[in-house]
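>>> Sequence and computational prediction follow.
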Amino acid sequence: MSQKTYYIHTFGCQSNKSDSERIAGDYEARGYTEAADWRECDELIVNTCAIRQRAEDKAKGFLHNVRVYFNEQGTQRPKIILTGCMTHHGQEKLYEMLPIVDEILPINEVGFNSAAVRKDQKHAWIPISTGCNSFCTYCIVPYSRGREKSRDFDDIMAEVERLVAQGYEEITLLGMNVNSWGLEKLGIGFRKLMMENKEFTREDLPDNQSQYLPPTGTPPFVKLLQEISKYDQIKTIRFMTSNPWDFHDELIAEIGRNKKIDRYVHLPIQSGSDEVLYRMNRGYTTKRYIEVISKLRAADPNIVIGTDIIVGFPGETDAEFEKTVELSKEMNWKIAFVAIYSPRPGTASWRIYPDDIPHAVKKERWEILDTLINKSNLSVRPVVV
Ligand code: 5AD
Ligand code: SF4
């Protein structure tokens, strides 16, 4: 019998791309080989994204094409396995929504430890944490990827060592809240303190979204960057996604002095209005965001910053949107991924806020920010605080 084949169709972000490399590793470990095309495989894995409705629609559209193709051909279709963030719907609803799916692979079963099969020979993704505990009101990720969990240090370093042996020079550390890597292992989460009935005062608590107390000494993530930087062969280190919380001063100092860390830093703001940030449960104000950026630029003026912004969040008034426009002029982001708000079933904003901004208004706001930030050719100038 000829060797069985698999094919992975990946939607969504870098975490999904990285997961797909590990799913491929699992298949190869079981003796499968990769098919050149989904039309020719025995098992088709569809790794889905759910960040916005449009992302889900793309996966649905793809599966529709698969169904039509095999119906027309009249040939046996591959076994279809669905994984990724659409698994937030739960098995029952998914099988009902997408009857073509034969099996569902929960994301947390992908794990860190399967050997990744990488196509890129120079740059490697390394997942260092999974899940998210932040619960921004609009976001599906805590539901699709579950609770935050840091990968063991030794495990990460063993992978780095293997990558060095294979000749890799660039790595990107991945996590939904990548800078908090290792903090949960220190057991300094304030929720944990509350649950254990330990004593603490308001001053001990973080003043932002972080569930962790500010670490004393060098934060684990900074230590990790330092350890990885010791390999001469590693020339560039990137990490994503960061948030203004858990972006400790020690991390800023490390970025300033460690030139192996890429000079591009991605730091989502989501909105320039403190009221909208509050409704999003982002746990910081624009003042705190500006403070982080100012410190980064002071640490090295060559640092360039990119961001994510959501327009048309429930209740976003013209004045609130204008705040985002004004801040955009001030921040001089190199790039902004501007997204139109999409209510995600089960999230807090979906439960408590009507999706009340007309699509035409959302589109107009999207256009304004995209033009202002991504289509203008302003040279990099320092942030005005
Ligand atoms: N609607 C629109 N955009 C969203 N994002 C996350 N959830 C939503 C949503 N429900 C955006 C945020 C995030 C990026 C990955 O996607 O800007 O940073
Ligand atoms: Fe990535 Fe989020 Fe999309 Fe999941 S929902 S694939 S974590 S962007």
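Received, thanks. Since this is a predicted model, take the numbers as computed values, not measurements. Ligands and ions are numbered 1, 2, ... in the order given.
>>> now for the lengthiest strand in the chain, which elements pack on it?
Ranked by number of residues, the top strand in the chain under DSSP state E is strand 304-311. Contacts defined by 3 or more C-beta pairs under 8 Å, 6 or more residues apart in numbering; DSSP states H and E place strand 304-311 against strand 264-266, helix 286-299, helix 318-331, strand 335-340, helix 359-369. Every C-beta, even on glycine, is put in place using the N, C-alpha and C of the backbone.
>>> can you tell me which helix in this protein is longest?
If you go by DSSP state H, the chain has its longest helix at helix 53-73.
>>> Quick check: what element follows that one along the chain?
Sequence-wise, the next helix or strand downstream of helix 53-73 (DSSP states H and E) is strand 79-84.
>>> And that next one, what's buried?
80-84 (16 or more other C-beta atoms under 10 Å).
>>> got it, and stretch 297-304?
297, 299-300, 303-304.
>>> Looking at the residues you listed, which two lie furthest apart in space?
Using C-beta to C-beta, those reach their maximum pairwise distance at Ala299 and Val304, which is 13.0 Å.
>>> Quick check: end-to-end length of stretch 201-212?
14 Å (C-alpha to C-alpha, to the nearest Å).
>>> any idea of the mean pLDDT in that stretch?
In this model, stretch 201-212 carries a mean pLDDT of 72.
>>> where along the stretch 51-200 of the chain do the strands fall?
Along the stretch 51-200 of the chain, counting by DSSP state E, counting those that start in this stretch, strands occupy 79-84, 103-104, 123-127, 129-130, 149-150, 170-174.
>>> circling back to that earlier point, any residue of the longest strand of the chain touching ligand 2?
No - judged by C-beta under 6 Å from any ligand atom, strand 304-311 and ligand 2 are separated, with a smallest distance of 10.4 Å.
>>> Tell me where the stretch 151-300 of the chain has helices.
153-165, 183-186, 190-195, 220-229, 249-257, 274-279, 286-299 (DSSP state H, counting those that start in this stretch).
>>> can you put those helices in TSV and add mean pLDDT and distance to ligand 1?
Shown next, in TSV, are the helices of the stretch 151-300 of the chain (pLDDT from 0 to 100; distance: least, C-beta to the nearest ligand atom, whole Å):
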stretch	mean pLDDT	distance to ligand 1
helix 153-165	97	23
helix 183-186	85	21
helix 190-195	67	23
helix 220-229	98	19
helix 249-257	98	19
helix 274-279	96	12
helix 286-299	97	13
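>>> In a markdown table: these, plus distance to ligand 2.
Shown next, in a markdown table, are those (distance: least, C-beta to the nearest ligand atom, whole Å):
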| stretch | distance to ligand 2 |
| --- | --- |
| helix 153-165 | 20 |
| helix 183-186 | 19 |
| helix 190-195 | 22 |
| helix 220-229 | 19 |
| helix 249-257 | 22 |
| helix 274-279 | 20 |
| helix 286-299 | 21 |
